[in-house]
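Chemist: The following comprises the amino acid sequence and a computationally predicted model.
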Amino acid sequence: MLRSTLASLAIVLAGPAIAADTPHVQLTDPYDSGMWDYHQIKLLGDPDDIRFDDRIKVRAPEAAEDAFNVPVLVDATALEDVEEIVVSVDYGPIPHILTYRPGDALPKIGLRFKIDQATAIRASVRTKSDRWHVGGTWIDAAGGGCTAPAQAYASDDWEEKLGEIHGRLWAASGRARLIVDHPMDTGLADGIPVFIIRNLDLSDDDGHKLASIELREPVNEDPAFTLFFDPATMPPLIHVAGRDNNGNEIEATLMAGEAN
């Protein structure tokens, strides 16, 4: 009995001790979301490895003026050894927005996505220890961005431009910007199947992979990304290669001081 009592007391005392050693971390959901308990298991796995961490910064407008293009900046540079970043929403028909594996890039990414209703948006950051650190913010929205057909179909030449990449590098600031021409259909509009880019890989001139993005349906039409590198080690050119779910290949090279 005494041994059981001491063991129980040790468990009770362990919680505050852990919290005291990690002032940025909390165990309870700051948004008290009804969907997070479900999504965290599906997207991330074991809840025991998940912590809410205010060092993960997610910046977005308080209200979405354009449901088809909501800008978001995820910044996990306060953490070391970041392996991947999963961006998701709590409320929406397709919660998973994208997964970013920064590799040689900084764990920081700017993106745009389609929003379907007011929701918490989260960035879940996995480190080499396999622990997940979660940050987020709340976006108010009238919604409907995921269920409307792509606007690209109003143009007669959209197929000719499919997969074209526009972008450039800013070597002094270590910033890379790219936009890909693609409808990014979610499959939720009547009669229009899913048609999305599956992946974009960035590599240097020697073929070494620098970073990769796995895209999901809520990423905006004509996906736009800003990636960040250490200016001291950023290569002078970056090759971008990818493929959509219909097998169309995407290729381009980004250079400093040039815009495609």
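Modeler: Sure, I can see it. Residues are numbered from 1 along each chain as shown.
Chemist: tell me the contacts of the closest residue in space to Asn220 that isn't next to it in sequence?
Modeler: Distances taken as C-beta to C-beta, 6 or more residues apart in numbering put Arg112 closest to Asn220, at 4.0 Å, once the chain neighbours are dropped. Glycine gets a C-beta too; all of them are placed from N, C-alpha and C. Neighbour list for Arg112: 69-72, 219-220, 223-224 [criterion: C-beta atoms under 8 Å, 6 or more residues apart in numbering].
Chemist: For those residues, give me CSV that also has distance to His39 and pLDDT.
Modeler: Putting those into CSV (distance: C-beta to C-beta, whole Å; pLDDT from 0 to 100) gives the following:
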residue, distance to His39, pLDDT
Asn69, 23, 96
Val70, 18, 97
Pro71, 22, 98
Val72, 17, 98
Val219, 17, 98
Asn220, 21, 97
Pro223, 22, 98
Ala224, 25, 98
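Chemist: so where's the protein uncertain?
Modeler: Scanning the chain for pLDDT under 70 picks out 1-21, 258-260.
Chemist: Apply 50 and report the result again.
Modeler: 1-20 (pLDDT under 50).
Chemist: Could you pull out the helices in it for me?
Modeler: Taking DSSP state H, the helices of the chain run over residues 2-21, 36-43, 158-161.
Chemist: All the strands of the stretch 101-250 of the chain, residue numbers only.
Modeler: Using DSSP state E, counting those that start in this stretch, the strands of the stretch 101-250 of the chain run over 108-113, 119-127, 132-139, 165-170, 175-180, 197-203, 209-215, 224-228, 237-244, 249-255.
Chemist: tell me the most buried of these?
Modeler: Among the strands of the stretch 101-250 of the chain, strand 119-127 has the highest mean neighbour count (mean count of other C-beta atoms under 10 Å), at a mean of 24.
Chemist: In its sheet, which strands sit next to it, and in what direction?
Modeler: Strand 119-127 pairs in its sheet with strand 82-89 (antiparallel), strand 132-139 (antiparallel), by DSSP bridges.
Chemist: To Glu65, which of those strands lies closest?
Modeler: When those are compared by C-beta to C-beta, strand 132-139 sits nearest Glu65, at 10.7 Å.
Chemist: The closest residue to Asp29 other than its chain neighbours - how many residues pack around it?
Modeler: Computed as C-beta to C-beta, 6+ apart, the closest residue to Asp29 that is not its neighbour in sequence is Trp36, at 5.2 Å. The local packing of Trp36 (other C-beta atoms under 10 Å) involves 23 other residues.
Chemist: Just want the most central residue of the chain.
Modeler: Val87 (3.6 Å; C-alpha atoms, centre = their mean).
Chemist: List the residues that contact Leu98.
Modeler: Applying C-beta under 8 Å, 6+ apart, we find Leu98 in contact with 86-87, 111, 113, 213-216, 219.
Chemist: Output the residues you listed as CSV; include the columns distance to Thr119.
Modeler: Converted to CSV, the contacts of Leu98 look like this (distance: C-beta to C-beta, whole Å):
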residue, distance to Thr119
Val86, 15
Val87, 12
Leu111, 15
Phe113, 11
Ile213, 21
Glu214, 21
Leu215, 19
Arg216, 15
Val219, 15
